[in-house]
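Undergrad: Kindly generate the corresponding structure for this input.
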Amino acid sequence: MLRPAVYVKAYAKLSSWLWFNDDWNWTNTPIVMYLQNSGDRQTKANVVENAFWEKLTKANKGKSLRYLKTFNFDDYDYIPASIHRTFIGKACPWEIQETIQLGSSIGVINRDNVDKYCRDNIGVDCGGFVAAYWGEAVPHMAGPNPPMATGISPRSFWSDSKTWPDVIRRRRTDPTAIQPGDAAIFFEGVKGNNPDIMARKDSNGNWIKDSGSKAFHIGLVNDISASGTAITKLEIAESSGAPSIYGGNGVNVRTARVTSTGKSNSYVYAEVGQNERIYFLAPIPGAGPELPYGFSDE
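TA: Numbering: from 1, shown residues only. The predicted model follows:
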């Protein structure tokens, strides 16, 4: 499967079609910012998305297309769920390209504002990045509203046996079995050496101290070395909100500082901080990245 660091570049070096000079032009549209379906940045992106749909309605002679399963505009097919995912941090690269192209068609995006538009309103969060790499929960014309299209939490990747009956079997138990493309799921506060004991909240919605673990982040193993029972090198591809080598706070590749290696029952983990562990999960069978149009791994 494609190396996760290359998939990071699929976002960070993305190009899309923009309409200017009376023609479609292949234009740099890098997606380098972190965006999730909550917080101030999402509130602003929601306003921009609403304006996008309003402009499209006007361009379509007053008829809204927002709540259809699919639609055709100016001879191109679009999926409303994919447009929405673009503004909540869940879209794969080709969904973003199609949204940018449509935005150019209706005059929302142009060559003068496209860089700022992408940085201010479009991005991908940790679960969106992993799901897109595995090809999971991505809308297509034949299935425009798949389950979990609006987000998969790190905890769900780790333990949702209803969605993935084989999820427990895919948990890595041997450091030497961990491969590039595996999910790296970050936990804090593991109780009783069992990541499946979840942290609980009190009646006021506050976390109860020492009640269990929080699965707070997910990335992908990009590179790993192991000697016997110890992980000696671990490189993570992710979108985390931290400063990135690509100039934003989204997609990135970094080396994790592994201080020790251990097991919870049979599940191997890497200790990477105070009370912080990474557990590992093999990809869903048949997984493969949703690639952008015009993709090149150079």
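Undergrad: Give me the longest helix you can find in this protein.
TA: helix 39-59 (DSSP state H).
Undergrad: For that one, name the packing helices and strands.
TA: Counting contacts by 3 or more CB pairs under 8 Å, 6 or more residues apart in numbering; DSSP states H and E, helix 39-59 packs against helix 80-86, helix 93-105, helix 114-121. C-beta coordinates here come from the backbone N, C-alpha and C atoms, glycine included.
Undergrad: could those go into CSV alongside mean neighbour count, mean pLDDT and distance to residue 202?
TA: Below are the helices and strands packed on helix 39-59 laid out as CSV (neighbours: other CB atoms under 10 Å; pLDDT from 0 to 100; distance: least, CB to CB, whole Å):
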stretch, mean neighbour count, mean pLDDT, distance to residue 202
helix 80-86, 24, 98, 33
helix 93-105, 23, 98, 39
helix 114-121, 17, 97, 36
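Undergrad: I'd like to know which of the ones you listed lies nearest to residue 261.
TA: Residue 261 lies closest to helix 93-105 among the helices and strands packed on helix 39-59, at 33.7 Å (CB to CB).
Undergrad: Can you list the helices and strands that the closest one packs against?
TA: Packing contacts for helix 93-105, counted by 3+ CB pairs under 8 Å, 6+ apart, involve helix 4-12, strand 15-20, helix 39-59, strand 76-78, helix 80-86, helix 114-121.
Undergrad: Break down the stretch 101-250 of the chain into its helices, ranges please.
TA: Applying DSSP state H, counting those that start in this stretch to the stretch 101-250 of the chain gives helices spanning 114-121, 126-134, 154-159.
Undergrad: if we can go back for a sec, pLDDT averaged over the longest helix of the chain - what is it?
TA: The average of the pLDDT scores along helix 39-59 is 95.
Undergrad: Can you list the low-confidence ranges for the stretch 151-298 of the chain?
TA: 298 (pLDDT under 70).
Undergrad: switch to 90 and redo it
TA: 228, 273-274, 296-298 (pLDDT under 90).
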